[in-house]
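In: below are the sequence and a predicted model for it; my questions follow.
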Amino acid sequence: MMRILKQLVKVGTITEPLGDANNDIEQVGEKLEPIIRKRFAGSLAIRAVDAGSCNGCELEIHAANNAYYDIERFGICFTASPRFADMLLVTGPVTRNMETALKMTFDAMPQPALVVAMGDCAANCGVFGRDNYAIAGAVSDIIPVDVIIHGCPPTPTDIIRGILTALES
């Protein structure tokens, strides 16, 4: 153990450079934060619903919450209850088993509710296809959608841009 600690002290901290993604996030965040402060009194609550995805989009949502992207610094938080949510973020094609639950979640939200369909599957059923027996359709076939974030899966930067687009509309 001491050998490892001595090695760490000798070498120091080695990290990768942040790159250009950090600049993009900061630019989008500068636009996003004042809108959230004005329209939502400082905090935008998002209810995320997986309507039948492969979980690729959920991994990117988690990445947007990690220390690198840290969307909470812009005033965005996720909530478990649709009754406290300002925005509904839906991933995946809507399966027949999730159709009623998605409608109930949307109906439980205070209106006017913003709805964002995230990923190609939420937009047009993606690789799952519309002719699948288990798929009820795209998110826009079930509930009204304000913004679609394309990508399979979209990057955390794209997610933040999509949220900004929904708030500006």
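Out: Okay, I see it. Numbers count the residues shown, from 1 in each chain.

In: for the rest of this, base every contact and every neighbour count on C-alpha atoms.
Out: Noted.

In: centre-most residue in the protein?
Out: Centroid check for the chain by Cα atoms, centre = their mean gives Ile61 as the closest residue, at 4.5 Å.

In: that one in helix, strand or coil?
Out: helix (DSSP: H, G, I helix; E, B strand; the rest coil).

In: just checking, it touches Pro156?
Out: Yes - using Cα atoms under 8 Å, Ile61 is in contact with Pro156, at 6.6 Å.

In: quick one: mean pLDDT over the longest strand seen in the chain.
Out: Counting by DSSP state E, the longest strand found in the chain is strand 44-50. Confidence for strand 44-50, expressed as mean pLDDT, is 94.

In: hmm, who's touching that strand?
Out: 36, 58, 75-82, 84-92, 102 (Cα atoms under 8 Å, 6 or more residues apart in numbering).

In: and if we set it to 7 Å?
Out: Contacts with strand 44-50, where a contact means Cα atoms under 7 Å, 6 or more residues apart in numbering, come from 36, 75-82, 84-92.

In: also stretch 148-158?
Out: The contact list for stretch 148-158 (Cα under 7 Å, 6+ apart) reads 25, 56-57, 60-61, 63-64, 116-120, 123, 159, 162.
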